[in-house]
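> return atomic coordinates for the entry below.
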Amino acid sequence: MDIKPIILSSQNKQNLLQVQKSQGQQIYKLTFGLYQKLAKSQNLVFSPASIYLALTMVALGSKDKTLEEFKNLLNFNDVNQLAKSTSSLLKILEKDQKGIKTQIANKVYSGLPELGNEYQQIVSQYLGSAIEKVNFVQYFEQVRNEINEWVQLVTQQKIKDLLPPGSLNQSTAMVLVNAIYFKGEWQKQFDKKKTQKLDFFLEYANAGSKIKADIMVAEDYFDYYEDGNFQYVQIPYKGGEYSMEILLPRTSIQQFEEMVSDQTFLKARVNKLNKKLKLYLPKFKIQPESVIDLQQILKELGIINAFSNNADFSFMDPSKKINLSNVYHKSMIEVNEEGAEAAAATAAVMQLSIKKDPQVLCNKPFIYSITHIPSQTILFLGKVTDPTKIS
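Purely as a prediction, here's the structure:
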C-alpha cells in the first residue's frame, strides 16, 4: 500500500478545510447510526469521534470483505483516502486555541509476533499512534491495567476502567485504543447569579412528572433555527470553532428520536440565523460507571465479517490469525456556567482466531433423504420429529 504524505503547500491549503469538513460529515453518518442503537430512556453520552478513530485503526489493517464492511460503516472509498483525511482532521481538532484544551491520542498494544511494517507506518504517521509491544499470553491482566492507566492519563483522570475485568485474556492479540479529552470555556459565560431552580419535565416512564433542576440563564445573540419539529441553538466556546449544539423537540423526545438524523443538524446549520434569545440551559453531569459494549451494535450496523474467524486483517497481521473480538467505549461530560468538560475512550480488542471444526447437533426435528448423488435421485425423503417413536 503506497500512502503519500499530505503536502500543505499554499495551493492545496484551501482544499484542506474541505477535506476536514468531509471527514466530519462522515463521522456524522456513523453518529446517528450509533445514536439510534444507544438511545434509551436514560441520560446518554458517547463520543462518535473516539469510536470512529478507534475503528479507523482497525479498518486500516483490514482487507477484502472485511475492509468492504468498514468502508460502508465509516464512509470512505479506500484506505489511502481514509488515512489522509483522518490525519487532516486530527490536525485541526488538536489546534491550540485560547480557552480550549483538546487532547486526542491513539495507541496500539500489539502481542503479535510480527506487526505489518506498512501498517505500523500508516498508524504512526497519519494517526500519531504509539505502538507498544506487549505479552498478552503471560501478562494480559497487567496489560489491561496499563491500558486503563494510559486512558486515565490522556483523559485527565476522567475515564477510568475502560477495559473491564475479563475483557482481555491469553488469546488477545492486539488492543487499539483512542482517548479524547476536551475542556472549553463558553465564549460568554453564564452568570452564576442568574442560575435558578426551575421545573424540568420528565418523559419516558416518568412522563407527566417534573423535578427541580439548576437552570442557567442567558440573554444574548445566538445562532438559532426552528421549524415545526424542533428548536436549534449554537452556544459557542472561546475561539469560535467549537460550539455546543442543542436540539429541543417541540413534541416528545421519543417521537423526535424516530426522525432525527445527520441531516437534522446539517439543515439547522445551513439555515440558522443570529438572533437575540433568552436561553435556559440546565447544568448537568453525565458520568456512567458502566462501559458500553459495542460488539452487537456494530454487527447490527454491518460489521460482521470482522468479528468472525473469516476476518482478514492481514495488513496488520501477515499471519492472518486474528479477528475483532470486541469494542469497548466510555464517556463523560459536565456542563456548567464556565463551560464544558468531556472525555471519552474506545478500545478495539483483537483476538487470535479459533478455528473449530463445525458441529452438526441433530437434537431437534430435521429432514432427511436417501439420495443417489450422481443422478440426484432421492429414493427416500422424510423428517424426524421424535426419534423415540416408531410410528
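
> show me the shaky parts of the stretch 1-150 of the chain.
The stretch 1-150 of the chain contains residues with pLDDT under 70 at 1-25, 41.

> would you map the strands across it?
In the stretch 1-150 of the chain, the strands defined using DSSP state E, counting those that start in this stretch lie at 100-110, 130-133.

> residue 72 is nearest to which of these?
Across these, residue 72 has its closest neighbour in strand 100-110 (22.5 Å, CB to CB). In short, each C-beta sits where N, CA and C put it, glycine included.

> and that closest one, what does it pack onto?
Secondary-structure packing of strand 100-110 (3 or more CB pairs under 8 Å, 6 or more residues apart in numbering; DSSP states H and E): helix 48-59, helix 79-93, helix 117-127, strand 130-133, helix 136-154, strand 172-185.

> CSV for those, including mean neighbour count and distance to residue 267?
Listed next are these as CSV, based on neighbours: other CB atoms under 10 Å; distance: least, CB to CB, whole Å:
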stretch, mean neighbour count, distance to residue 267
helix 48-59, 24, 19
helix 79-93, 20, 23
helix 117-127, 18, 32
strand 130-133, 14, 40
helix 136-154, 18, 34
strand 172-185, 25, 25
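
> quick one: which of the ones you listed is nearest residue 301?
helix 48-59 (10.3 Å).

> so what secondary structure elements neighbour that closest one?
helix 13-38, helix 64-74, helix 79-93, strand 100-110, helix 117-127, strand 172-185, strand 322-335, strand 339-352.

> which residues sit against the fifth one?
What that stands for is helix 117-127. Outside helix 117-127, the residues that touch it by CB atoms under 8 Å, 6 or more residues apart in numbering are 1, 3, 5, 53, 56-57, 60-61, 79, 83-84, 86-87, 90, 106, 108, 129-131, 315-316.

> list the residues that contact the most centrally placed residue in the chain.
Nearest residue to the geometric centre of the chain (CA atoms, centre = their mean): residue 51, 2.3 Å. By CB under 8 Å, 6+ apart, residue 51 lies in contact with 30, 34, 178, 294, 327, 329, 346.

> so which of the residues you listed wins on neighbours?
Counting neighbours by other CB atoms under 10 Å, residue 346 leads the contacts of residue 51 with 30 neighbours.

> pretty sure it contacts residue 49?
No. Counting by CB atoms under 8 Å, residue 346 stays clear of residue 49, with 9.4 Å between them.

> the longest strand belonging to the chain packs against which elements?
Counting residues, the longest strand in the chain under DSSP state E turns out to be strand 210-226. With contacts taken as 3+ CB pairs under 8 Å, 6+ apart, strand 210-226 sits against strand 196-201, strand 230-236, helix 262-271, strand 273-282.

> quick one: mean pLDDT for stretch 274-284?
For stretch 274-284, mean pLDDT is 92.

> among the strands of the stretch 1-150 of the chain, which is nearest residue 250?
When the strands of the stretch 1-150 of the chain are compared for distance to residue 250 using CB to CB, the nearest one is strand 100-110, at 32.2 Å.

> the closest one vs strand 339-352, what angle?
Relative orientation of strand 100-110 versus strand 339-352 (axes from the mean of the first three to the mean of the last three CA atoms, to 10 degrees): 10 degrees.

> related to what we said a few turns ago, sort out which residues of the longest strand of the chain are buried, please.
For strand 210-226, the neighbour count (16 or more other CB atoms under 10 Å) marks 215, 216, 218, 222, 223, 224, 225, 226 as buried.
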